[in-house]
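Novice: Got a sequence here, can you model it:
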Amino acid sequence: MASKKNSFVPFANEADVLQVGGLTAENRLDRITLSGDIDLTADQAGLAAARVLHELLGKVVAALEGRDLPVRLPPPDVKRVDNPFA
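Specialist: Residues are numbered from 1 along each chain as shown. Take a look at the predicted model:
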């Protein structure tokens, strides 16, 4: 079963999450992370889930097409910090 969140605007924030079956789309400022899995079954539930994914990917493509994109993003700046609980 698909849960639809109309306010998911790709690359708009670091908070939005869209859940479609077992698939999760997480919004970031520089990427959309898809994780999990979903079966798009040949029934009404599968069609509903496919429509949600189609809408999401359409929004992602439109957002990317409207930008001046680099060839590739640089790797994230990951910093190691001391454990505050140690």
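
Novice: which residues touch the residue most central in space within the chain?
Specialist: Centrality entry for the chain: nearest residue to the mean C-alpha point is Ala25, 3.1 Å, by Cα atoms, centre = their mean. Going by Cβ atoms under 8 Å, 6 or more residues apart in numbering, Ala25 touches Phe8, Val17, Leu18, Gln19, Ile32, Thr33, Leu34, Leu56. Backbone N, C-alpha and C define where each C-beta goes, glycine included.

Novice: Doesn't it lie inside a helix?
Specialist: No - read with DSSP: H, G, I helix; E, B strand; the rest coil, Ala25 is strand and lies in no helix.

Novice: any weak-confidence spans in this structure?
Specialist: The chain contains residues with pLDDT under 70 at 1-6.

Novice: Helices of that one, start to end?
Specialist: Remark: helices assigned in the chain by DSSP state H are 44-65.

Novice: Next, the contact list for Leu64, please.
Specialist: With contacts defined as Cβ under 8 Å, 6+ apart, Leu64 is in contact with Pro10.

Novice: Considering the contacts of Ala25, which possesses the most neighbours?
Specialist: Each of the contacts of Ala25 was scored for neighbours by other Cβ atoms under 10 Å, and Leu18 scores highest at 23 neighbours.

Novice: If anything else comes up later, I'll come back, but that's it for now.
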